[in-house]
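[1] Got a sequence here, can you build the structure:
(2 chains)
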Amino acid sequence: NAGVTQTPKFQVLKTGQSMTLQCAQDMNHNSMYWYRQDPGMGLRLIYYSASEGTTDKGEVPNGYNVSRLNKREFSLRLESAAPSQTSVYFCASSELNTEAFFGQGTRLTVV
Amino acid sequence: ELKVEQNPLFLSMQEGKNYTIYCNYSTTSDRLYWYRQDPGKSLESLFVLLSNGAVKQEGRLMASLDTKARLSTLHITAAVHDLSATYFCAVDQERFGNEKLTFGTGTRLTIIP
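    The predicted structure is shown next:
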């Protein structure tokens, strides 16, 4: 019972490099999310997808793009990484009126 | 814009004592969630509160929701070391018509023997 799976778990990038964080869920949830977690700031929503084929900006979308590839998969892309994007990234999924289930997180460092 | 505030941000308490964490939010919502996070780990769902007056209990933790006051509480009874963690509340932004959680900044709880 995998739940929400994120890859990779750790990543170091140089400033200006690009990368894609992958997320997949096996719970048949319609909604998926990407959050970033920084010390003292809780979790901030980057993008979310209410259903397959739709995506919307969250609180901190600048510098990121997303793709809802199908119902299971929701990827987050950094086109040109910046040190300010050093953070822990969490993918989550949910259904209406139920709790969100989180992946194990990706610890990203941009140098 | 929805604001979710937790207090205290840090809490150090002795084993066996009782305490309450507060979660205030700024806009109408009747869907509130509590999560626990251990250091370096992911978030684990604790409670789902879906209506005014909802109360849920699990072991030494009890959560309640007052939608009129826009307030949720997480009460800890007779704390034990295993409860040391960071606790987050999250509120659903109802007006969007779908799940879109906004999180509080978290309460880091340390239980001292």
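[2] ok, now how distant is the residue nearest the centre of chain A from chain B?
    Taking CA atoms, centre = their mean, the centroid of chain A lies closest to residue A:34, which sits 3.0 Å from it. To chain B, residue A:34 is 12 Å away according to CB to the nearest CB, to the nearest Å. For every residue, glycine as well, the C-beta is placed using N, CA and C.
[3] With residue A:49 instead?
    Separation of residue A:49 from chain B (CB to the nearest CB) stands at 10 Å.
[4] what is that residue paired to in the beta sheet?
    Using DSSP bridges, the bridge partners assigned to residue A:49 are residue A:32.
[5] how deep is it tucked in, by neighbour count?
    For residue A:49, the neighbour count with other CB atoms under 10 Å in any protein chain shown is 21.
[6] Let me see the contact set for it.
    Contacts of residue A:49 were listed using CB atoms under 8 Å, 6 or more residues apart in numbering or on different chains, and they are A:31, A:32, A:33, A:55, A:56, A:66, A:68, A:74.
[7] doesn't residue A:85 make contact with residue A:79?
    No. In this structure, residue A:79 is not within contact of residue A:85 by CB atoms under 8 Å, at 10.6 Å.
[8] Give the residues shared as contacts by those two.
    residue A:63.
[9] so the residue nearest to residue A:58 when sequence neighbours are not counted bridges to which residues?
    Sequence neighbours aside, residue A:45 is the residue nearest to residue A:58 in space, at 3.1 Å (criterion: CB to CB, 6 or more residues apart in numbering or on different chains). On the basis of DSSP bridges, residue A:45 is bridged to residue A:35.
[10] and residue A:45, how many neighbours does it have?
    Using other CB under 10 Å, residue A:45 is surrounded by 21 other residues.
[11] ok, it - contacts?
    A:33, A:34, A:35, A:58, A:59, A:60, B:100, B:101, B:102.
[12] Relative to the helix or strand bottoming out on mean pLDDT in chain B, what are the paired strands and their orientations?
    Ranking every helix and strand in chain B by mean pLDDT, DSSP states H and E puts strand B:101-103 at the bottom, with a mean of 87. Here strand B:101-103 has these sheet partners by DSSP bridges: strand B:85-92 (antiparallel).
[13] The contacts of residue A:49: which two are farthest apart?
    Using CB to CB, the pair of the contacts of residue A:49 lying farthest apart is A:31 and A:66, separated by 12.9 Å.
[14] what pLDDT does residue A:1 get?
    Looking at residue A:1, its pLDDT stands at 62.
[15] where in chain B is pLDDT low?
    Scanning chain B for pLDDT under 70 picks out the ranges B:94-99.
[16] Get me the contact residues on chain A for chain B.
    Within chain A, the residues that sit near chain B (CB under 8 Å from any CB of the partner chain) are A:31, A:33, A:35, A:40-45, A:48, A:50, A:58-59, A:90, A:92, A:94-105.
[17] bridging residues for residue B:48?
    Bridge pairing for residue B:48 - DSSP bridges - gives residue B:33.
[18] again but with residue B:25, I slipped
    According to DSSP bridges, beta-bridge pairing links residue B:25 with residue B:4.
[19] Residue B:9 reaches residue B:88, doesn't it?
    No. Here residue B:9 lies out of contact with residue B:88, judged by CB under 8 Å, at a distance of 11.5 Å.
[20] Alright, that wraps it up for me.
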